[in-house]
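>>> quick one, what's the 3D model for this:
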Amino acid sequence: MSGLIPPASPLEARFNTGSPNWVGLHGSSTALALLSAAGAHDGIVLVLTRSSHQAQLLEQDIQLFSDGDLPIFHFPDHETLPYDAFSPHPDIIAERLSTLASLAQMSRGLLIVPVATLMQRLPPGNHALGRNIQLRTGQTLVIDNFRRQLQQAGYNHADPVYQAGQFAVRGSVVDLFPTGRKLPLRIDLFDEEIDSLREFDPETQRSTAQLQRFEMLPAREYPCDDESLSDFRKAFRYRFAVDTRKVTLYQDLRQGIHPQGLEQYLPLFFENTQSLLDYLPAKPLVIAQQGIEKAAVDFWSSTRERWEQRRHDVERPVLDPTELFFSASDVQNRLDEFNSIDLLEAGQQSCNAVLFDTRPAPDLHIHDRGNEPAAALLAFNNEFDGRIMFAADTTGRREVLAETLQAFGIQPQRFESWVEFQTATARLGLAVLPLQQGFVAGSDIAVLTESQLFGGRVRPRIARKLSERDPEAIIRSLSDLEPGDPVVHEDHGIGRYRGLQSLEIDGREAEFLLLEYAGEDKLYVPVSSMQLISRYAGGVAETAPLHRLGSEQWAKARQRA
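Below you'll find the predicted structure:
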């Protein structure tokens with residue numbers, strides 16, 4: 001690393017070979033400091049977080065502060081537990097493969113990774129980068145051959161397509177949702193020639209853009225062609241001394257059915273696996289949240305515990321932890337090769353650290369009683385010499401906040417982004433910035449979120465999963481549930497688990513959790529979406545109140561909470 005860089009502001013990145021720690025970052029100021037570090041560093045900055053939840057929160061804040069010039073990637077966790085019998089959501093696989101493909105071309109930028117995800121063994125680069133399907137207008141395309149090619153790349157038939165990894169064929173039209181793309185693609189054929197390639201909105205079916213050429217990634221982290229699946233079955237028989245006639249996963253593959261949870265056998269597809277670090281074109285600068293060492297050790301310990309519970313299952317044999325993951329010590333040894341900075345918790349003392357001049361945003365709560373409901377806010381506005389950004393959670397909340405501030409004589413200028421505010425001269429700004437926490441940076445900048453002004457929050461659903469649930473409420477596997485147990489679905493509220501049911505969807509059999517609600521209404525939840533369900537922790541299980549499907553009961557309960 002370079003020597004000390006004199007800061008132009010309290011949040012500018014500062015590197016010092018004698019000070020490998022950063023301390024003094026409060027709230028969302030961490031995201032600004034990391035963004036500054038990535039902008040100042042001539043290479044890749046790898047940010048390691050304690051958990052997937054922390055990675056998602058950090059990525060959200062960084063994206064809100066970013067001007068879009070610097071590549072920012074989040075390599076997400078599978079969001080399944082080791083040895084689970086179901087697969088990650090297709091959107092997660094799509095994001096992972098897209099990130100792996102992008103890393104090969106990345107010379108500088110920011111990569112955010114949970115430490116447990118860094119411990120996962122990955123397919124070799126020639127799978128993620130060398131199995132692309134290329135399309136262009138004017139190209140000859142035989143539908144039967146293309147259908148087979150898509151299936152061998154791990155794509156599933158679904159009509160209509162609605163998520164990554166799906167395709168549909170209707171006459172001379174092929175719809176497909178490529179891995180790593182936000183919108184699906186429609187291929188119009190004239191005889192056996194591609195007449196047009198168009199992106200379209202899956203809800204309205206309207207075209208949004210026309211393309212001349214296109215390159216798509218595989219849909220899974222392992223190969224799905226006939227030869228690879230045959231080699232997998234041979235490797236499975238060689239690796240496990242079990243009667244494969246009793247192994248459902250093996251028999252499904254023999255019958256051409258793609259089973260859930262095949263990711264738990266990734267090493268059997270390849271001669272060698274790789275680490276995410278092997279995908280990086282050069283050594284990164286590592287910035288690590290405090291506590292990643294403990295998080296890695298805890299993950300390794302829990303993985304071995306789950307392996308011990310399952311290692312003697314002859315109907316679903318499992319690989320050793322070392323075959324699926326790098327140990328905590330393995331990862332630490334690799335990280336020791338790189339220059340690194342530890343992010344110490346705000347307020348922690350260290351004699352060997354670079355100190356950032358930030359502090360938590362003050363409580364400026366606007367109350368509805370008394371003669372001076374906004375006295376604290378008005379005093380802060382008058383006393384603070386720097387610029388103030390009022391950060392609203394949503395567009396609607398921005399309008400409410402603007403009216404509230406105006407009632408007290410505060411009239412901030414509206415901005416479309418943080419970057420626009422930075423380049424302007426207005427002292428007071430207002431924007432839709434659903435940041436996690438406000439902060440004050442020296443005497444230069446104060447960012448005030450709704451939690452500082454109103455006490456509560458109405459957060460938009462930006463990420464796939466941002467709620468950090470009570471660890472005791474998390475259901476880690478199907479074995480944790482018994483029929484009759486009350487559970488809470490993230491969108492539908494309290495119901496009772498009634499067991500597993502197999503249903504045929506689009507010609508394929510899949511497993512669903514059956515939940516029963518008030519009035520004996522039933523909800524079928526795919527096993528792959530089990531992360532949406534948690535334990536009921538509101539009292540005695542036998543007397544848990546059941547919500548009614550389709551009512552506003554759950555939404556109102558969440559609002560009150």
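
>>> use CA for all of it now, contacts and neighbours both
Will do.

>>> how much space between Phe380 and Ala361?
11 Å (C-alpha to C-alpha, to the nearest Å).

>>> over to Phe73?
As judged by C-alpha to C-alpha, Phe73 and Ala361 stand 28 Å apart.

>>> so between Phe380 and Ala361, which is more surrounded?
For the pair Phe380 and Ala361, the greater number of neighbours falls to Ala361 (19 against 13), based on other C-alpha atoms under 10 Å.

>>> isn't the more buried one right up against Ile445?
No. Using C-alpha atoms under 8 Å, Ala361 is not in contact with Ile445, being 10.5 Å away.

>>> partners of the longest strand seen in the chain in the sheet?
The longest strand of the chain (DSSP state E) is strand 493-505. Strand pairing for strand 493-505, using DSSP bridges, gives strand 486-489 (antiparallel), strand 508-516 (antiparallel).

>>> can you give me the neighbour number for Asn333?
The number of residues near Asn333, taken as other C-alpha under 10 Å, comes to 11.

>>> elements contacting whatever helix or strand it lives in?
In this structure, Asn333 sits in helix 328-335 according to DSSP states H and E. Applying 3 or more C-alpha pairs under 8 Å, 6 or more residues apart in numbering; DSSP states H and E, we find helix 328-335 packed against helix 292-310.

>>> now the helices for the stretch 51-200 of the chain?
For the stretch 51-200 of the chain, the helices defined by DSSP state H, counting those that start in this stretch cover 52-65, 90-103, 115-118, 125-130, 143-152.

>>> let me know the average pLDDT across the last one.
Per-residue pLDDT values across helix 143-152 average out to 85.

>>> give me the below-cutoff pLDDT ranges for this protein.
1-19, 128-131, 346-351, 368-370, 456-480, 505-509, 528, 537-540, 550-561 (pLDDT under 70).

>>> just checking, Val142 touches Ile194?
No. Look at Val142 against Ile194 with C-alpha under 8 Å: they stay out of range, at 9.6 Å.

>>> tell me which of the two has more neighbours.
More crowded of Val142 and Ile194, by other C-alpha under 10 Å: Ile194, with 20 against 13.

>>> the nearest residue to Thr394 once chain neighbours are set aside pairs with what?
In space, and not counting its chain neighbours, Thr394 is closest to Val432: 5.6 Å by C-alpha to C-alpha, 6 or more residues apart in numbering. Beta-bridge partners for Val432, by DSSP bridges, are Ala392.

>>> contacting residues around Val432?
Val432 sits next to Ala391, Ala392, Asp393, Thr394, Thr395, Arg398, Glu416, Ser417 when contact means C-alpha atoms under 8 Å, 6 or more residues apart in numbering.

>>> how close does the residue sitting furthest away from the middle of the chain get to Arg121?
Within the chain, the residue lying farthest from the chain centre (C-alpha atoms, centre = their mean) is Asn371, at 45.8 Å. For Asn371, the distance to Arg121 (C-alpha to C-alpha) stands at 62 Å.

>>> got it, and Pro412?
Separation of Pro412 from Arg121 (C-alpha to C-alpha) stands at 50 Å.

>>> tell me the secondary structure of the residue farthest from the centre of the chain, please.
Under the three-state scheme (DSSP: H, G, I helix; E, B strand; the rest coil), Asn371 adopts coil.

>>> quick one: contacts of the helix holding Asn333?
Leu118, Met119, Val286, Glu293, Ala296, Val297, Trp300.

>>> out of those residues, which are buried?
Buried by 16 or more other C-alpha atoms under 10 Å: Leu118, Met119, Val286, Glu293, Ala296, Trp300, out of those.

>>> check contacts around the fourth one.
Applying C-alpha under 8 Å, 6+ apart, we find Glu293 in contact with Ala328.

>>> before we move on, the earlier item: would you mind finding the most buried of the helices of the stretch 51-200 of the chain?
helix 115-118 (a mean of 24; mean count of other C-alpha atoms under 10 Å).

>>> residues contacting that helix, please?
Helix 115-118 is contacted from outside by 48-51, 75-78, 275-277, 292, 295-296, 299, 331, using C-alpha under 8 Å, 6+ apart.

>>> same thing but at 10 Å, please
For helix 115-118, contacts defined as C-alpha atoms under 10 Å, 6 or more residues apart in numbering pick out 47-52, 55, 75-79, 275-277, 288-289, 291-300, 325-328, 331.

>>> quick check on those residues: which are buried?
47-52, 55, 75-79, 275-276, 288-289, 291-293, 295-296, 299-300, 325-328, 331.

>>> who does the closest residue to Ala544 other than its chain neighbours form a beta bridge with?
Setting aside the residues directly before and after it, Ala544 is nearest to Pro486 in space (C-alpha to C-alpha, 6+ apart), at 6.6 Å. Beta-bridge partners recorded for Pro486 (DSSP bridges): Arg496.

>>> correct me, but Pro486 touches His547?
No. With contact defined as C-alpha atoms under 10 Å, Pro486 does not reach His547; the gap is 11.0 Å.

>>> who has more neighbours out of these two?
Pro486 (27 against 21).

>>> appreciated, that's everything.
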